[in-house]
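Chemist: A predicted structure for the sequence below; I have some questions about it.
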Amino acid sequence: MWERWFDTASAVVGVFLIMGVGGLARYMRWFSKEVDRSLASFTSYVLMPCLFFHRIIRDPSMSGKLDAWYPAVLGFLCTIIGIATAWSMARSFGHRLGLCSDSQQRTFGLTAGMHNYGYIALPLAEIFYPASVVPLMIHNVGVDLALWSAGLYTISGKGIKDSWKRIAFSPPLIAVVLAILINQFGLGGMLPSPILHATDKLGQCSVPMGLVLSGAILYDYFGKSPVAKWRGILALAIPVRMILLPCSILAIATWATDSEPLKQVLLIQAAMPAATFPIVMTRLYQQDVQTAWVVVVGTSLLSLLTIPMWMIFGALWLF
């Protein structure tokens, strides 16, 4: 068990070191704030779709059948449960812990409810559960749908009416649908090799670029939140994000699927800290960025210990 813990911890530290490079680059002024939006858009609209497309095309088991989308259904469900739980906990107990305003409670609901479903989860899946990588990508489509519906409503009060175009024309969703349809009709072998080579190389850039960008964004808010404010926020964020929600995801993994790769996907998701992208959404919709930063940084630092613990415990429970 200790060997497994060490291997998992080493992989987690390696992922966070890449984020540290982003923070260092920001500190040294090699990576300016002006490029954040363009790099985030390029990563989301080009690099990640290329990664999804190439991996699914290379997996002949993925087809257009309904069961191919079941990971997305569970991703949507887990995210809705996470956001609803975190927001309700903030509204119920936030006044005692410094989350007094509606803005702070909405911010907490989104940030504590959203797990880091991509940039940390993908490299860990590739290391420990390679068979789960493609189901993880399908799962993440469901998470994105939840983010731009329930997540958008939570942080801004705007629902599906204001975000359906973003969801329907999301490049990652288009890439997944296109790749599954190509596999369904047996056209994968007809794709020119330059296209496969290009999507492969671009896709390989996606996770490192996302991690570096996340590290730079986190650095921007370092030291801007009083330490006294951390205690109250983390007193609620840690039980919600690191205990309650992992247990709920593992429960879903236990009873909602018999697929081992999908159980592996949910195990990795259960171990994740808060996602970094909600910081960007919080800033965009003028909510409480300090609360978002404290939740993300606090749970991310603690996850250096909890990710190995949850992955070992969850594996013993599920398998």
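Modeler: Sure thing, it's come through.
Chemist: where's Leu316 relative to Thr282, distance?
Modeler: Counting by C-beta to C-beta, to the nearest Å, the gap from Leu316 to Thr282 is 36 Å. C-beta: built from backbone N, CA, C; applies to glycine.
Chemist: now do Val296
Modeler: Distance from Val296 to Thr282, by C-beta to C-beta: 10 Å.
Chemist: who's more crowded, the two?
Modeler: Shown here are Val296 and Thr282; by other C-beta atoms under 10 Å, Val296 has more neighbours (28 against 25).
Chemist: tell me the SS of that one?
Modeler: helix (DSSP: H, G, I helix; E, B strand; the rest coil).
Chemist: surely it meets Phe277?
Modeler: No: here Val296 does not reach Phe277: they are 9.4 Å apart, not a contact under C-beta atoms under 8 Å.
Chemist: in the protein, which helix or strand is least confident?
Modeler: Sorting the helices and strands of the chain by mean pLDDT, DSSP states H and E puts helix 160-168 at the bottom, at a mean of 68.
Chemist: pLDDT of stretch 300-319, averaged?
Modeler: Stretch 300-319 carries an average pLDDT of 92.
Chemist: what's next to it, contact-wise?
Modeler: The contact list for stretch 300-319 (C-beta atoms under 8 Å, 6 or more residues apart in numbering) reads 1, 4-5, 8-9, 12-13, 16, 116, 124, 128, 218, 238, 242, 246, 250, 253-254, 260, 263, 267-268, 270-274, 276.
Chemist: among these, which ones are in helices?
Modeler: In this view, the contacts of stretch 300-319 that belong to helices under DSSP state H are 4-5, 8-9, 12-13, 16, 124, 128, 218, 238, 246, 250, 253-254, 260, 263, 267-268, 270.
Chemist: Throw together a ChimeraX command that grabs the buried residues out of those.
Modeler: Restricted to buried positions by 16 or more other C-beta atoms under 10 Å, the ChimeraX selection for these reads:
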select :8,9,12,16,124,128,218,238,246,250,253,263,267,268,270
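Chemist: got a list of what Ile80 touches?
Modeler: Neighbours of Ile80 in contact, by C-beta under 8 Å, 6+ apart: 146, 150.
Chemist: just the pLDDT for it.
Modeler: 96.
Chemist: do you know how far it is from Val240?
Modeler: Counting by C-beta to C-beta - Ile80 and Val240 are separated by 15 Å.
Chemist: ok, the residue of the chain most remote from its centre - contacts?
Modeler: Relative to the centre of the chain, the most outlying C-alpha is that of Met190, 32.9 Å out, by C-alpha atoms, centre = their mean. Counting by C-beta under 8 Å, 6+ apart, Met190 touches no other residue.
Chemist: ok, now how distant is it from Leu202?
Modeler: Counting by C-beta to C-beta, the gap from Met190 to Leu202 is 21 Å.
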